[in-house]
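Chemist: From the sequence below, what's the structure:
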Amino acid sequence: MRLVTALLTVFLAVCMSGLFSQSALADKRVALILGNSKYQNVSRLTNPANDAAMLADTLRKANFDTVMLRNDLSATEMRRTLREFGDKARNADVAVLYYAGHGIEVDGNNYLIPVDAVLERDTDVYDEALGLDRVLIAVEAAKQLRLIILDACRDNPFAKTMKRTIAMRGVGQGLAKVEPASPNTMIAFAAKAGFTAYDGDNGQKNSPYAIALATHLTTPGLDLRKAFGFVRDDVLRSTGNRQEPFIYGSLGGEDVSLVPGPTKASPAVDANEAIRRDYELAERVGTKEAWDSFIATYPDGFYSKLAQAQRNKLAAEAARIAATERAKSAAEEKARLATEQAKAAAETKAAEEARIAAEKTKAVEDARLAEAERAKAAAQAKADQVKTDQNKADQEARQAAENKALEAKAAAVAKAAEEARIAAEKAAQERIAKAEEEAKAAAEKAKAAAEASVAELKRELAEAKAAEAERAKAGGRTEPAGADKPIGGLAAATPTEASPVRNSRSIPLACCSPNCAGSAASRVQLMEPGTMPPSARLLSSTSTPAPRWMSISPASTRWTWCAARPSAFAR
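Modeler: Coordinates of the predicted model:
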C-alpha cells in the first residue's frame, strides 16, 4: 500500500511539472522599452535610442505579446506612457521595463530624467523627473514576474551644474542601491550602485550592457539569475573590469526565464523515490524524533535499516556527549573545589592580616581620638570663655542701648509735652480772643438794639400822644391835666374796659415796638394807683433784646407795653 502511495505521488509530481511547463508557454508577457537620447538642455546621448531599438527587436523575436517602444519622451509623455503600460501589465503574467538614458540619485532615491528636464536646483528633481517608485507602480500588477532594467548609470551632466538648496543634500554619482518591497521583483542596474556605466567606444552603436542583454536575456529556458550573471561577465570583459552590472531583488527556488526552454522527457519512475526523499528529509532534521517517525512510517526495507542505524548512532553520540559532559562536569567541580579551597585559605590569611592591620589602625585611631578629645575640650573651654565675654559685652551693650533709648524717649516726651503746652496756650489765647471778639460784637449788637428800642418807644409815644390829641379835638372834650392816655392797643378799649382795676392783677402784655415784633407775650403787674409804690419796676420778657427795668409813675395806669388781651383790664 505504501509503495502504491509513493508511486502515485511521483506520478502526480511529473504531471504537475508538465502542466507547469505548458502554463509557462501560455504566460502573457508585456514589455515597455524607453530610450532618451535627444536631451534639450544638456548634451545628447548617442546610444540610448539604439539600445532601446535593439532590446525591443530582441523581445519581439522572443514572442512577447506586447512590446511598446518609446523614444525621447518629455516628463508628461513619460507619465502618460507609464500609465498606459500599467494598464497592460494588469492582465499580464510577466512585465519587463527597460530604460536607457540619464538617471540621478538624490538623497538615496533614484530618478529617471526626461528629455525636457532643466534641473537648475536639486529640488527640481521632484517636479521634473520620475522616481523609481513610480516605475515600480507601473509593473507591480503583473502576476508572476516584474523585471526593471535601468541602463541609466551614465556620467550625469545635471549633477555638475545643479545648485544645492541644502548643503547636506546628497546628489550621488550613478544610482543608489534599492531593495524591492514586492516579491518576485528584480531590478537590474548597468553598473553597481554609486558607479557609472559606459556608452561604448567611439563609433560603437550600442553600449556593452545592451549588447550583453540582447545576447543572454532571451535564451530559452535560461534562469534570469544565470542570464544576468552571463551579462555581468560579458560587460566586465568588454570594459576591462571597469563596469560591473548588478541586480537587486529575489526570486523563488524555481528557474525563472523570459523564454521557456524545450520540454524534457519524464525520467523513469523510481519506486523508492518517495522513501528516499523522506529519508533525506529525516537526515536533514537529524533528531531522534525524526528517525522514530521515519521508522514508524517505513518499518521494513533498506532505508528503514539505515534509519535504525542512524538512530542508534544518534543515541550513542548522545550517550557519549552525556558521558563527556559528566566527566567535564566532574573535572570542573574538582577544579572548582580546589579553587574554592585555595580561595578560602587566601581569604583566611587575608582576613587575619586585615584583622592585625585593623587593630593597629584602631590603636592609632584611638590615640588620635584621645588627642582630638583633649583638643576639643580645650577649644570648648576657650569657646565658653569667649562666649561668656561676648554675652557680658552684649548685655552691657544692650543696657547702654536701653538707657540711651530711655533718654531719647524722655527727651521726646518732654519735647512733646512742651509742644502740647505751647499749642494749648496758643489755643487758649485764640479762644479768649475769639470770646472777647464775640462778647464785644454781642455788646455792640445789644447796645444797638437797646438804642433802637428806646427810639422806637419814643416814636410810638409821640405818635400816640398826637393821635389822642386829634381824637380829643374831634370829640370836643379835654382830658384832665396829668392823666395818662391809652397807648397802642389799649386806646381802642371802652372806658369801662380801660378803667383801672382795684385789685392787683397779672395781665399778659406784648411788645408794641417793631424791633420786638413776634416776641412771646410778657406779663405786667397792675396795681391801684393809690397803692402802687412810688417807683414800681417791671421786668421785661426774656424775648426782648436785653433785660431791662421800666420806671412807672405812681399816677400812671398805662405803659408803653400793649396788653395782649385789652379786655383783661375790665376784670
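Chemist: for the helix or strand encompassing residue 406, what is the average pLDDT?
Modeler: When elements are defined using DSSP states H and E, residue 406 is found to belong to helix 302-475. This predicted structure assigns helix 302-475 an average pLDDT of 91.
Chemist: Can you work out which other helices and strands pack against it?
Modeler: Other elements packing on helix 302-475 under the criterion 3 or more CB pairs under 8 Å, 6 or more residues apart in numbering; DSSP states H and E are helix 273-285, helix 288-297. For the C-beta atoms, the positions are set from N, CA and C on the backbone; glycine is no exception.
Chemist: what's the angle between the longest one and helix 302-475?
Modeler: Spelled out, that is helix 273-285. Relative orientation of helix 273-285 with respect to helix 302-475: 60 degrees, computed using axes from the mean of the first three to the mean of the last three CA atoms, to 10 degrees.
Chemist: Kindly report the same for the last one.
Modeler: An angle of 120 degrees separates the directions of helix 288-297 and helix 302-475 when computed by the same axes, to 10 degrees.
Chemist: gap between helix 288-297 and the chain center?
Modeler: Its chain's C-alpha centre lies 66 Å from the corresponding centre of helix 288-297 when counted by CA atoms, centre = their mean, to the nearest Å.
Chemist: Run through the neighbouring helices and strands of that helix.
Modeler: Counting by 3+ CB pairs under 8 Å, 6+ apart, the packing neighbours recorded for helix 288-297 are helix 273-285, helix 302-475.
Chemist: buried residues in it?
Modeler: The neighbour-count check on helix 288-297 (16 or more other CB atoms under 10 Å) flags 290-291, 293-295 as buried.
Chemist: Check the burial of residue 188 by counting its neighbours.
Modeler: For residue 188, the neighbour count with other CB atoms under 10 Å is 23.
Chemist: my guess is it meets residue 232, correct?
Modeler: No. Because the distance of 9.8 Å does not satisfy CB atoms under 8 Å, residue 188 is recorded as not touching residue 232.
Chemist: Overlap in contacts, these two.
Modeler: With contacts taken as CB atoms under 8 Å, 6 or more residues apart in numbering, residue 188 and residue 232 have 245-246 as neighbours in common.
Chemist: so how far is the strand or helix carrying residue 95 from its chain's centroid?
Modeler: When elements are assigned from DSSP H and E, residue 95 belongs to strand 94-100. The gap between where strand 94-100 is centred and where its chain is centred comes out at 51 Å by CA atoms, centre = their mean.
Chemist: any idea of the mean pLDDT in it?
Modeler: Per-region confidence: strand 94-100 scores 95 on mean pLDDT.
Chemist: now do stretch 196-215
Modeler: Model confidence over stretch 196-215 averages 82 on the pLDDT scale.
Chemist: If we go by neighbour counts, what in that stretch is buried?
Modeler: Neighbour counts using 16+ other CB under 10 Å place 196-200, 206-214 of stretch 196-215 among the buried residues.
Chemist: Mind putting the residues you listed into TSV with distance to residue 475 and secondary structure?
Modeler: As requested, the buried residues of stretch 196-215 are exported to TSV (distance: CB to CB, whole Å; DSSP: H, G, I helix; E, B strand; the rest coil):
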residue	distance to residue 475	secondary structure
196	166	coil
197	169	coil
198	173	coil
199	171	coil
200	176	coil
206	176	coil
207	173	coil
208	177	helix
209	173	helix
210	174	helix
211	179	helix
212	178	helix
213	175	helix
214	178	helix
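Chemist: from the residues you listed, which is closest to residue 180?
Modeler: Among the buried residues of stretch 196-215, residue 213 lies closest to residue 180 (CB to CB), at 19.2 Å.
Chemist: The nearest residue to that closest one once chain neighbours are set aside - how many residues pack around it?
Modeler: The spatially closest residue to residue 213, leaving aside those adjacent along the chain, is residue 231, at 5.9 Å (CB to CB, 6 or more residues apart in numbering). When neighbours are counted by other CB under 10 Å, residue 231 registers 25.
Chemist: ok, residue 231 - contacts?
Modeler: 209, 212-213, 215-217, 245.
Chemist: The buried residues of stretch 196-215: which two are farthest apart?
Modeler: The widest separation within these, taken as CB to CB, falls between 196 and 214 and amounts to 21.3 Å.
Chemist: Tell me how many other residues crowd residue 68.
Modeler: Residue 68: 15 surrounding residues under other CB under 10 Å.
Chemist: That one and residue 80 touch, don't they?
Modeler: No. With contacts defined as CB under 8 Å, residue 68 does not count as touching residue 80, sitting 11.8 Å away.
Chemist: what stretches of the stretch 151-300 of the chain score poorly on pLDDT?
Modeler: In the predicted model of the stretch 151-300 of the chain, residues 154-155, 165-173, 200-203, 263-271 satisfy pLDDT under 70.
Chemist: now the helices: where do they sit in it?
Modeler: Shown for the stretch 151-300 of the chain, the helices assigned by DSSP state H, counting those that start in this stretch span residues 158-161, 208-216, 224-238, 273-285, 288-297.
Chemist: Same list, these, but as JSON lines with distance to residue 126 please.
Modeler: Converted to JSON lines, the helices of the stretch 151-300 of the chain look like this (distance: least, CB to CB, whole Å):
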{"stretch": "helix 158-161", "distance to residue 126": "14"}
{"stretch": "helix 208-216", "distance to residue 126": "28"}
{"stretch": "helix 224-238", "distance to residue 126": "31"}
{"stretch": "helix 273-285", "distance to residue 126": "51"}
{"stretch": "helix 288-297", "distance to residue 126": "57"}
